[in-house]
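Enquirer: Turn this into a model:
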Amino acid sequence: MQPLNELKIAICSDHAGFELKQIVVEYLKNKSVAGLKDFGTYSAESCDYADFAHPMASAIENNEFDFGISICGSGNGISMTVNKHQGIRAALCWNTEIAELSRQHNNANVLSLPARFVSVEEALKTVPKDLRAASLALGATKWQTIWKVVIPGSISGIMTGTILAVSRGAGEVAPILFTGVAYYVATLPASFSDQFMVLGYHIYVMTTQSANVDQTLPIQFGTTLVLLMLTFILNISAIVLRYRIRKKKSN
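Expert: Numbers count the residues shown, from 1 in each chain. The predicted structure is shown next:
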């Protein structure tokens, strides 16, 4: 494969992939690629990825560019769209190993990235090493580099990982059955060794162990409603915070 400074690369995304696209564009500019065209979108406002995916795919088919990069929330939709073009072989990749294999074994010419489902570790890897090296060379400490360069460049992926973790933590209660959970406790735990209540387990006991399940139905529904509300509130709060961070960075 040719070195980056001899390649002509096209890139596009929808609103969900806009922030990650900006990072990739900046990285490619620093690598001095032979040609680079951003087909859009150009803001984080809601849009249809097909409006940008088709023009990019056509340009690659016409040999105007050597490779392309397409980005959307899951990576699936935009990948399917560009793959409708006969000359396009788009591969959905979420880490470097899969990307390398798709090129070596499938001759992929478009890299599709899932902006909303990149892990925290992979998000941190998207921050170019050149930026970290430049920060340290200018006299910044490692902590300053992490705080001013690494975290701002990967905050979207970190927030995505947080949202997914909150959802899983609220739904997967099985492991805590063996760590001190109780059906009912009248007071809040005062130490790490005290027993505690979990709404999911509370619902489970009432639906399976109650002497009269019908009489406990109002409590079951009430507990379920509280659990759902807490889950939604935590997720919405994280999503709003992520949106504001993205909007601030795009401005």
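Enquirer: would residue 200 count as being in a helix?
Expert: Yes. Assessed by DSSP: H, G, I helix; E, B strand; the rest coil, residue 200 belongs to a helix.
Enquirer: Look up how far residue 75 lies from it.
Expert: Distance of residue 200 to residue 75, given as C-beta to C-beta, to the nearest Å: 31 Å. Quick note: C-beta positions are derived from backbone N, CA and C, even for glycine.
Enquirer: Quick check on these two: which one has the bigger neighbour count.
Expert: residue 75 (25 against 18; other C-beta atoms under 10 Å).
Enquirer: just checking, residue 210 touches residue 216?
Expert: Yes. With contact defined as C-beta atoms under 8 Å, residue 210 counts as touching residue 216 (4.8 Å).
Enquirer: ok, residue 102 - how many residues close by?
Expert: If we define neighbours as other C-beta under 10 Å, then residue 102 has 20 of them.
Enquirer: Kindly report the same for residue 13.
Expert: Number of residues near residue 13 (other C-beta under 10 Å) recorded here: 31.
Enquirer: Quick check: it vs residue 65, distance?
Expert: 16 Å.
Enquirer: next one: residue 235
Expert: For residue 235, the distance to residue 65 - C-beta to C-beta - is 38 Å.
Enquirer: mind listing what's buried in the helix or strand residue 229 falls within?
Expert: Using DSSP states H and E, residue 229 falls within helix 217-250. Judged by neighbour count using 16 or more other C-beta atoms under 10 Å, the buried positions of helix 217-250 are 220, 223, 224, 227, 231, 234, 235, 238, 242, 245, 246, 249.
Enquirer: residue contacts, the first one?
Expert: Applying C-beta atoms under 8 Å, 6 or more residues apart in numbering, we find residue 220 in contact with 203, 206, 207.
Enquirer: Counting neighbours, what do you get for the second one?
Expert: Neighbour count of residue 206, defined by other C-beta under 10 Å: 18.
Enquirer: same check, this time on the last one
Expert: Other residues near residue 207 number 13, with proximity taken as other C-beta under 10 Å.
Enquirer: sec struct for it, please.
Expert: Each residue gets one of three states, and residue 207 gets helix by three-state DSSP.
Enquirer: what are the ranges of the helices in the stretch 51-200 of the chain?
Expert: 76-82, 96-106, 120-125, 129-137, 142-145, 151-171, 199-208 (DSSP state H, counting those that start in this stretch).
Enquirer: mean pLDDT lowest for which of those helices?
Expert: Mean pLDDT is lowest for helix 120-125 among the helices of the stretch 51-200 of the chain, at a mean of 54.
Enquirer: pretty sure residue 82 is touching residue 69, no?
Expert: No. Applying C-beta under 8 Å, one finds residue 82 not in contact with residue 69, separated by 10.3 Å.
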